[in-house]
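[1] here is a sequence with its predicted model. Questions after.
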Amino acid sequence: MSEHATTPLEDLYRHGLLDEIDRYFATYLATLDLEAGPALVLAAALVSQRTLAGDVCIDLADEGLLKPYREILGDIVPALPKWLEALRQSPVVALPGDYRPLVLDETGRLYLYRYWALERQVAAAIRARAEDAPFVIDETTLASSLDALFPADNPARDQRTAAMTAARRPLSIISGGPGTGKTETAIRILILLQQLDSKRPLRVALTAPTGKAAARLRDALTNADPSYKQLPFTELTETATLHRLLGFRTNGKPAAGADHPLTHDVVLVDEASMIDLNLMATLLEALPKRTRLILLGDPDQLASVEAGAVLSDLCAGKVKPTKGRATNHAGAISPLDSCMTVLSHNWRFGHTSGIGHLATAINAGDANGALAYLDNAQMPDIVFRPCPDSAALATLIEQHAISRFEPCLDPTMNNVPVADHFARHLELRLLTAHRQGPTGSGALNQQIEHGLRSRGLIQQTGPNYMGRPIMIERNDYHLGLYNGDFGIVLGEDEPQRVCVLANDGTPRYFYPSRMPQNQTAFAMTVHKSQGSQFTTVIIILPLYSSPLLSRQLLYTAVTRATSTVEIWGSETLLATAIESPARRISGLADALQS
């Protein structure tokens, strides 16, 4: 062998298809199986890599997924029958139910044991809730309350259906795109549940994966009709992120669990598409049997950055047979059908809304339709601006972004209420796929700050200045600040403070030096924007093709806007992204049927 010869893992690492941790994990497993050949080593590296990329497992029968690996390694990647046989003979690979580092199921999906166990745990808990006996309620009160809360002239009859489901069952899943009334439906459901149990105030938890989403849910309840706020449950309503609700500590362990369950009557979770497999398992374990769980979300949005796309799997409904693979329950009716409502009537985007049409085309994978809408002068709320290179991007930022951020740094803002500061920062946000690179959030924020400095709106030389928006990037359990929380620097001179809104909407102030890791947030990644809404969104496409650019990312970005969307980039890349759905591989849909 040549001194320059490399191993298959080194080849994949050199081509950027594996990380160092994947190589280490595969090499370690090989020490546990002294007869391990390329089949085990390669499978272990790939399942590690795919789990870190967000999949729950790797489907060894998926030739599309394996194509880039075969292009580099050729015949070193075994044919499926030989690969499965070699894995079944390894002492580090278990069949479902055994405890070993890897689990291989009967369909050719390979898991890290931890994620196989989490998937089974979630499936069992969801099935138990879906199959549990309905609550015994007063049907007369239910009918009269439904008539009052969801009048007959309401065009969205599916909202009434969602309310009936939530009243009767311990699990209800309400899905729908932006503007379909998920939050309003949820508020009326809380009122309905309190009317059905009028002898005591309900203990309600309003929660979401991020602080932004939880705050938006709280604000929706706070700003509801005044008569709603007179109901008893509002006094005992707790608003928190899921991590706060479950009491995650610095060691990563939650305080809540089977031995210390939550004490709420209702747990209402918004932005459920962002819940990863591990967080969903933790939540379900902490819920008493008779606590109502209501999940709100849009399964077409980006999934969590962690492994799993739980809401998407739950909303899959019937199990769809995979091409080339038989399934014994194709077409079977899922017990989840009785727990699920899809809201379809859109209250935000009417027939003339360019944003609504664009989002629908993107979600359908219709690139030609999306480009046609962007080129339609009759839809002024959606704009496309060509951006072929970094120089063009710098010009667009100077001409179409800098001046729109000037009100956020107006020196007269020193004397206005904190709410006005936050309102101005919600007027515009630049969204991008990446953190790094010429179109990454870091570079975009630097360009915006440079432009604001050149106009005299930023005069301090340090990192902080009056009106600087920041996004927290690391949890600080002692300060009660969490990844994704948004704050604004107030004050032109010392002592400056960073203002962050608490769960109840009251401002909290911190010295900038005490803040956990954070970054400027005139621009942010699409992932960080989930759970937020902005008047205008400018979507910056990468200058080159990127695996992060997907249909779900574009759809999520477009639907963050309430008034105007601009897309800057290449039509070719935009079309490619629309035609490229992001996939999360898991066996949860099948496990829910077994």
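    Looks like it came in fine.
[2] each with direction, which strands does the longest strand that the chain contains pair with?
    If each strand of the chain is counted by residues according to DSSP state E, the longest one is strand 561-569. According to DSSP bridges, strand 561-569 forms sheet pairs with strand 382-386 (parallel), strand 534-540 (parallel).
[3] gap between residue 150 and residue 292?
    In this structure, residue 150 lies at 18 Å from residue 292, with C-beta to C-beta, to the nearest Å as the measure. Where C-beta positions appear, they are placed from N, C-alpha and C, glycine not excepted.
[4] for residue 151, same thing?
    Between residue 151 and residue 292 the distance is 24 Å, computed by C-beta to C-beta.
[5] now swap in residue 133 and tell me
    Look at residue 133 and residue 292: by C-beta to C-beta, they are 14 Å apart.
[6] these two: which is more packed in?
    A side-by-side neighbour count of residue 133 and residue 292, using other C-beta atoms under 10 Å, places residue 292 first with 23 against 8.
[7] list the contacts of that one.
    The contact partners of residue 292, by C-beta atoms under 8 Å, 6 or more residues apart in numbering, come to 166, 169, 170, 171, 172, 193, 265, 266, 267.
[8] top of those by number of neighbours, please.
    Among the contacts of residue 292, where neighbours are counted by other C-beta under 10 Å, the top count belongs to residue 166, at 28 neighbours.
[9] for residue 294, see how far away that residue is.
    When C-beta to C-beta is the yardstick, residue 166 and residue 294 sit 5 Å from each other.
[10] now the common contact residues for those two.
    Here residue 166 and residue 294 share the contacting residues 172, 174, 189, scored by C-beta under 8 Å, 6+ apart.
[11] you'd agree the second one is in a helix?
    Meaning residue 174. No: with the criterion set as DSSP: H, G, I helix; E, B strand; the rest coil, the secondary structure at residue 174 is strand rather than a helix.
[12] that one reaches residue 182, doesn't it?
    Yes: checked against C-beta atoms under 8 Å, the pair residue 174 and residue 182 is within contact range at 5.6 Å.
[13] these two: which has the busier surroundings?
    Set side by side, residue 174 and residue 182 show unequal neighbour counts under other C-beta under 10 Å, the larger going to residue 174 at 30 against 25.
[14] list the contacts for that one?
    With contacts defined as C-beta under 8 Å, 6+ apart, the neighbours of residue 174 are 162, 166, 182, 185, 186, 294, 295, 296, 297, 340, 341, 343.
[15] between the residues you listed, which sits nearest residue 536?
    The nearest member of these to residue 536, counting by C-beta to C-beta, is residue 182 at 22.6 Å.
[16] leaving aside the residues next to it on the chain, what's closest to that closest one?
    Nearest non-adjacent residue to residue 182, counting by C-beta to C-beta, 6 or more residues apart in numbering: residue 296, 4.6 Å away.
[17] so that neighbour, which of the three states?
    On the basis of three-state DSSP, residue 296 is classed as strand.
[18] can I assume it is in contact with residue 186?
    Yes: using C-beta under 8 Å as the test, residue 296 is close enough to residue 186 to be in contact (5.8 Å).
[19] overlap in contacts, those two.
    When contacts are counted by C-beta under 8 Å, 6+ apart, residue 296 and residue 186 are jointly contacted by 174, 268, 270.
[20] surely residue 477 and residue 251 touch.
    No: counting by C-beta under 8 Å, residue 477 does not reach residue 251; the two are 10.0 Å apart.
[21] the two: which is more packed in?
    Between residue 477 and residue 251, counted using other C-beta under 10 Å, the more crowded position is residue 477 (15 against 6).
[22] can you tell me how far that one sits from residue 11?
    When C-beta to C-beta is the yardstick, residue 477 and residue 11 sit 42 Å from each other.
[23] rewinding a little: and the strands paired with strand 561-569: which comes nearest residue 463?
    Taking C-beta to C-beta, strand 534-540 is the member of the strands paired with strand 561-569 nearest to residue 463, at 22.7 Å.
[24] can you map out the helices along the stretch 451-594 of the chain?
    Assigned helices in the stretch 451-594 of the chain, in chain order: 526-529, 551-558, 571-578, 588-593 (criterion: DSSP state H, counting those that start in this stretch).
[25] adding distance to residue 222 and mean pLDDT, write those out as a markdown table.
    Listed next are these as a markdown table, based on distance: least, C-beta to C-beta, whole Å; pLDDT from 0 to 100:
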| stretch | distance to residue 222 | mean pLDDT |
| --- | --- | --- |
| helix 526-529 | 22 | 85 |
| helix 551-558 | 26 | 89 |
| helix 571-578 | 37 | 90 |
| helix 588-593 | 35 | 82 |
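[26] among those helices, pick out the one with the most neighbours on average.
    Sort the helices of the stretch 451-594 of the chain by mean neighbour count, taking mean count of other C-beta atoms under 10 Å, and helix 551-558 sits at the top with a mean of 25.
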